[in-house]
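In: predicted model and sequence below, questions to follow.
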Amino acid sequence: MADSLNRRTIIVFLLGSLLHHCVSIEARTLHTINIMYPQLFPEGFDWDKENQHFIVGSLQFGTLHTVSDAGVADDFITDKDYAGKASVLGITVDSKRSRVLAVIHRPADPNGELGFNALAGYDLKSGKRVLFVELDQNAVANDVAVDPYGNAFVTNSAGNFIWKITLDGHVSVFAKDPIFTSQDIIVEDDLVRFCGLNGIVYNKRGALLVTQSNSGKLFEVDLHDGSVRLVQTSKALPWADGITVRRDGVALVVSHHTAWFLKTRDNWGEATIVDEVPLNASRFATAITLREDDRTYVLNCYLRDSVNKISRDVFSIEEIEFPKEAAGESVWLILLLVAGLLYVFFWRFQMQHFAKNLSKKRV
């Protein structure tokens with residue numbers, strides 16, 4: 001009698017716990033952080049694992065800010081060399097060297113004043129400036145990635161090439177290939193029509209992945225020699241902006257209207273769009289990042305409001321989830337449930353068989 005109760009208890013426990021996990025995956029509320037900071041217009045962001053907060057850069061003020069889970073935005077960096085005179089675009093946290101890198105851009109003035117482009121780096125704890133290099137004036141420096149050795153790579157959206165900036169601040173043109181300028185433009189909106197190379201990320205296999213907004217293309221750039229190849233995707237990624245790569249090699253790309261989930265089987269010769277999430281286009285997401293590698297967030301910049309000089313007080317960092325991946329997790333839990341039940345029933349059958357044999361021997 002006691003054995004029977006124990007078996008039933010085990011079965012009920014397995015059913016209850018696994019079904020609870022299945023339901024929790026389906027029912028989990030995605031995290032949205034509302035940032036109350038008038039006119040901030042944050043274009044780039046990243047997760048600072050060391051200090052457990054996000055860092056965002058401001059288009060309007062040319063400053064860097066930390067953002068807590070509660071949406072509290074604190075001033076972090078106000079650099080007198082450009083704050084109030086230029087915008088902060090792409091940023092990336094270089095955890096290995098405890099610094100944040102920020103791309104600075106000011107467009108050329110119609111009255112003849114030249115533009116300004118730079119890459120700046122700051123210590124994550126003290127905010128002390130540890131790097132500052134100016135780039136070409138007649139360019140549009142946009143996003144930045146960093147390799148394991150501390151080299152930074154910055155995209156030029158106007159010139160369609162990539163700079164390399166070493167740890168000691170040496171600047172060179174790293175990748176400039178005709179393949180960047182030979183793609184058909186598929187976005188006619190003036191906001192993006194002239195925006196070429198944009199998001200960039202180190203993909204952990206000795207290469208960079210780079211998006212191109214106006215063509216919807218994705219490129220891989222070899223870190224050893226700067227050679228470039230077009231990644232053949234199952235369809236175009238129009239307005240593609242920010243990009244990040246997970247530890248499992250999956251690439252996540254965001255535009256203002258869609259976030260894409262891409263996988264490759266041949267080291268980015270080809271890529272399949274496995275899933276996508278529609279976004280609210282009016283929020284105009286411009287960047288995507290990972291938090292502890294398993295949670296995906298997009299930054300709602302409201303870029304068109306900024307361009308049209310529409311005042312805004314609230315911005316947001318929004319967690320997203322790809323439906324097919326979430327469904328896959330549920331399937332695995334159900335399979336685990338079935339396997340657990342089969343094990344229990346097999347164990348019960350074996351014990352009954354053993355008990356019968358023991359009874360026969362006693363007789």
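Out: Okay, I see it.
In: number of nearby residues for the closest residue to Asp75 other than its chain neighbours?
Out: Excluding the flanking residues, the one nearest Asp75 by Cβ to Cβ, 6 or more residues apart in numbering is His65, at 5.9 Å. In this view, the C-beta of every residue, glycine as well, is placed from N, C-alpha and C. Number of residues near His65 (other Cβ atoms under 10 Å) recorded here: 24.
In: one more: Phe61?
Out: The burial count for Phe61: 21, using other Cβ under 10 Å.
In: then Ala175?
Out: The burial count for Ala175: 24, using other Cβ under 10 Å.
In: now swap in Arg246 and tell me
Out: Neighbours of Arg246 using other Cβ under 10 Å come to 14.
In: how about it, what does it touch?
Out: Leu252, Leu290, Asp293, Asp294 (Cβ atoms under 8 Å, 6 or more residues apart in numbering).
In: nearest the geometric middle of this protein, what residue?
Out: Thr289 (2.6 Å; Cα atoms, centre = their mean).
In: for the helix or strand where it lies, C-alpha coordinates in PDB please.
Out: In this structure, Thr289 sits in strand 285-291 according to DSSP states H and E. C-alpha atoms of strand 285-291 as PDB (Å, rounded to 0.1, in the frame of the first residue of the first chain):
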ATOM      1  CA  ALA A 285      13.400  50.400 -32.600                       C
ATOM      2  CA  THR A 286      17.100  51.000 -33.500                       C
ATOM      3  CA  ALA A 287      19.100  48.500 -31.500                       C
ATOM      4  CA  ILE A 288      19.000  45.000 -30.100                       C
ATOM      5  CA  THR A 289      21.000  43.300 -27.300                       C
ATOM      6  CA  LEU A 290      21.100  40.300 -25.000                       C
ATOM      7  CA  ARG A 291      20.800  40.200 -21.200                       C
END
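In: these two touch, right, Val146 and Leu208?
Out: No - using Cβ atoms under 8 Å, Val146 is not in contact with Leu208; the gap is 10.3 Å.
In: could you pull out the helices for this protein?
Out: Ranges of helices in the chain, per DSSP state H, are 2-27, 178-181, 190-193, 303-307, 323-362.
In: could you tell me the least trusted of those?
Out: Note on those: helix 2-27 shows the lowest mean pLDDT, a mean of 51.
In: so what's the closest residue to Leu89 other than its chain neighbours up against?
Out: Among residues not flanking Leu89 along the chain, Val103 sits closest, at 4.6 Å (Cβ to Cβ, 6+ apart). Residues near Val103 by Cβ under 8 Å, 6+ apart: 44, 88-91, 117-119, 141-144, 154.
In: would you reformat the residues you listed as a markdown table and include pLDDT and distance to Ile165?
Out: A markdown table is the format used below for the contacts of Val103 (pLDDT from 0 to 100; distance: Cβ to Cβ, whole Å):
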| residue | pLDDT | distance to Ile165 |
| --- | --- | --- |
| Gly44 | 98 | 17 |
| Val88 | 98 | 16 |
| Leu89 | 98 | 15 |
| Gly90 | 98 | 13 |
| Ile91 | 98 | 14 |
| Asn117 | 98 | 12 |
| Ala118 | 98 | 10 |
| Leu119 | 98 | 5 |
| Ala141 | 98 | 11 |
| Asn142 | 98 | 14 |
| Asp143 | 98 | 13 |
| Val144 | 98 | 9 |
| Val154 | 98 | 7 |
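In: mind checking which of those residues land in strands?
Out: 44, 88-91, 117-119, 141-144, 154 (DSSP state E).
In: poorly predicted segments of the stretch 101-250 of the chain, please.
Out: Regions of the stretch 101-250 of the chain meeting the criterion pLDDT under 70 are absent.
In: where do the strands sit along it?
Out: With DSSP state E, counting those that start in this stretch, the ranges of strands along the stretch 101-250 of the chain come out as 116-123, 129-134, 141-146, 152-156, 161-165, 171-175, 197-202, 207-212, 217-222, 228-233, 243-245.
In: how about the ones you listed in CSV, adding distance to Pro323?
Out: Shown next, in CSV, are the strands of the stretch 101-250 of the chain (distance: least, Cβ to Cβ, whole Å):
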stretch, distance to Pro323
strand 116-123, 37
strand 129-134, 40
strand 141-146, 27
strand 152-156, 30
strand 161-165, 34
strand 171-175, 35
strand 197-202, 23
strand 207-212, 23
strand 217-222, 22
strand 228-233, 20
strand 243-245, 19
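In: and Glu325, which of these is closest to it?
Out: Among the strands of the stretch 101-250 of the chain, strand 243-245 comes nearest to Glu325, with 14.9 Å by Cβ to Cβ.
In: contacts for the closest one?
Out: 199-204, 209-211, 251-254, 288-290, 296.
In: re earlier: which helices and strands does the strand holding Thr289 pack with?
Out: strand 42-48, strand 243-245, strand 251-254, strand 295-300 (3 or more Cβ pairs under 8 Å, 6 or more residues apart in numbering; DSSP states H and E).
In: out of the ones you listed, the one nearest Leu167 is which?
Out: strand 42-48 (18.9 Å).
In: which residues touch the closest one?
Out: So strand 42-48 is in contact with 35, 53-59, 65-67, 87-93, 95, 100, 102-103, 124, 143, 242, 286-287, 289-292, 297, 299, 301, 303, 315, 317, going by Cβ under 8 Å, 6+ apart.
In: can you tell me which of those are buried?
Out: Among those, those classed as buried by 16 or more other Cβ atoms under 10 Å are 35, 53-59, 65-67, 87-93, 100, 102-103, 124, 143, 242, 286-287, 289-291, 297, 299, 301, 303, 315, 317.
In: on that earlier part again, got the contacts of Val103 as JSON lines, with distance to Ser311 columns?
Out: Listed next are the contacts of Val103 as JSON lines, based on distance: Cβ to Cβ, whole Å:
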{"residue": "Gly44", "distance to Ser311": "21"}
{"residue": "Val88", "distance to Ser311": "19"}
{"residue": "Leu89", "distance to Ser311": "21"}
{"residue": "Gly90", "distance to Ser311": "24"}
{"residue": "Ile91", "distance to Ser311": "24"}
{"residue": "Asn117", "distance to Ser311": "27"}
{"residue": "Ala118", "distance to Ser311": "28"}
{"residue": "Leu119", "distance to Ser311": "30"}
{"residue": "Ala141", "distance to Ser311": "27"}
{"residue": "Asn142", "distance to Ser311": "25"}
{"residue": "Asp143", "distance to Ser311": "26"}
{"residue": "Val144", "distance to Ser311": "29"}
{"residue": "Val154", "distance to Ser311": "30"}
